[in-house]
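Trainee: Structure for the following, please:
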Amino acid sequence: MFTNNIKIAFFGNSEFSLIVLKELKKNGIVPELIVTTLDKPQGRKMILTPTPTKVWAGDNSVECIEPHRLQDETFIKKIKNYNLYIVASYGKIIPKNIIDLPKYKVLNIHPSLLPKYRGPSPLQTQILNDEKNIGVSVMLIDEKEDHGPILVQKKVDITEWPVGFFALQETLAKEGSKLLSEILPDYLSGKIKAKVQNESEVTHTIKIEKADGLIDLSAKPYNNYLKTLAFEEWPKTYFEIGDKRVIITKAIWKNNGLEILKVIPEGKKEMNYQDFLRGVHN
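Mentor: Predicted structure coming up:
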């Protein structure tokens with residue numbers, strides 16, 4: 001598919017990025033460099049943990065770098081050797097001087113039909129909004145967040161909507177990487193022209209905070225159900241009893257209502273919700 005003069009650097013951190021990398025590899029596209037972020041402490045013991053893309057790089061014998069700053073001279077010197085950058089859920093704004101480096105520019109896979117749902121939480125926000133018009137975009141990055149012109153988009157039909165975060169992430173990551181793989185030869189040969197986004201149709205998403213997971217059990221049940229789906233990765237949904245937090249780990253929509261099945265009370269192990277209720281009332 002590619003000639004020897006195409007050298008790809010991939011920017012990404014998350015599970016979304018990992019799914020994209022796996023799908024690209026299936027289509028014969030393997031980046032020669034992974035750019036990711038530093039290991040972060042995770043879990044109760046705060047163990048330093050590498051990003052999923054760093055692990056993939058090690059498993060696939062691909063060089064991986066973790067720049068403290070994208071403006072570091074050593075990073076710029078390194079990244080100049082690559083003439084196509086692919087971005088998927090990197091989580092940082094790439095500076096213009098970096099964007100201007102590669103001959104074939106910087107392509108981004110974004111899990112929404114831009115210009116809708118720009119920003120850091122398109123997957124969660126589409127679930128929260130009960131959005132039916134779901135899809136993925138491949139775009140050229142510029143110095144503004146999710147603002148660059150679009151190369152191609154695809155609407156994705158999800159038959160059992162609504163779905164949870166993990167299912168939506170996997171679907172759109174796979175569809176986005178397939179879409180990029182399909183158009184890349186024509187893009188590299190100059191046969192595809194990008195289209196400027198319609199600014200009158202822009203909507204934005206915000207960074208999800210831990211407090212966003214709090215639900216009011218007396219609120220509209222369907223909205224609470226959408227929250228359990230949107231936040232199943234993080235921050236989880238929870239309610240409070242006094243000063244104690246109760247995390248919802250499993251819930252379904254049944255008989256036009258939210259049915260909570262399992263919870264983790266603060267300081268305790270996961271249990272059936274009905275057992276938890278009996279414990280509260282005894």
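
Trainee: Going by residue numbers, what spans are helices in the stretch 51-200 of the chain?
Mentor: Listed in chain order, the helices of the stretch 51-200 of the chain (DSSP state H, counting those that start in this stretch) span 52-59, 73-79, 96-99, 122-128, 165-188.

Trainee: Highest mean neighbour count out of those?
Mentor: Comparing those on average neighbours per residue, with mean count of other C-beta atoms under 10 Å, the densest one is helix 122-128 at a mean of 24. The way it works is simple: take the backbone N, C-alpha and C, and place the C-beta from them, glycine included.

Trainee: CA atoms only: put that one into PDB for me.
Mentor: Provided in PDB are the C-alpha atoms of helix 122-128 (Å, rounded to 0.1, in the frame of the first residue of the first chain):
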ATOM      1  CA  PRO A 122     -17.500  13.200  22.300                       C
ATOM      2  CA  LEU A 123     -18.300   9.500  23.200                       C
ATOM      3  CA  GLN A 124     -19.700  10.300  26.600                       C
ATOM      4  CA  THR A 125     -21.600  13.300  25.500                       C
ATOM      5  CA  GLN A 126     -23.300  11.600  22.500                       C
ATOM      6  CA  ILE A 127     -24.500   8.900  24.900                       C
ATOM      7  CA  LEU A 128     -25.700  11.500  27.500                       C
END
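
Trainee: any idea of the mean pLDDT for that helix?
Mentor: If you average the pLDDT over helix 122-128, you get 98.

Trainee: Stretch 187-204 now?
Mentor: 97.

Trainee: still on that earlier bit, which one of the helices of the stretch 51-200 of the chain lies closest to Glu145?
Mentor: Distances from Glu145 to each of those were compared using C-beta to C-beta; the shortest belongs to helix 122-128, at 11.3 Å.

Trainee: Residues contacting the closest one, please?
Mentor: Judged by C-beta atoms under 8 Å, 6 or more residues apart in numbering, the contacts made with helix 122-128 from elsewhere in the structure are 16, 110-112, 117, 119, 131, 134, 162-165, 168-169, 172, 205-206, 208, 226-227, 229-231.

Trainee: PyMOL command for the buried members of those?
Mentor: With 16 or more other C-beta atoms under 10 Å as the burial test, the buried ones among the contacts of helix 122-128 are selected in PyMOL as follows:
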select buried, resi 16+110+111+112+117+131+134+162+163+164+165+168+169+172+205+208+226+227+229+230+231
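
Trainee: could you redo the helices of the stretch 51-200 of the chain as TSV and give each row distance to Thr36?
Mentor: Output for the helices of the stretch 51-200 of the chain, formatted as TSV (distance: least, C-beta to C-beta, whole Å):
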stretch	distance to Thr36
helix 52-59	5
helix 73-79	12
helix 96-99	15
helix 122-128	19
helix 165-188	16
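
Trainee: Which among the ones you listed is found nearest to Met271?
Mentor: Of all those, it is helix 165-188 that lies closest to Met271, at 22.6 Å by C-beta to C-beta.

Trainee: could you say what helices and strands that closest one packs with?
Mentor: Packed against helix 165-188, as judged by 3 or more C-beta pairs under 8 Å, 6 or more residues apart in numbering; DSSP states H and E, are the following elements: helix 15-26, strand 106-110, helix 122-128, strand 135-140, strand 150-155.
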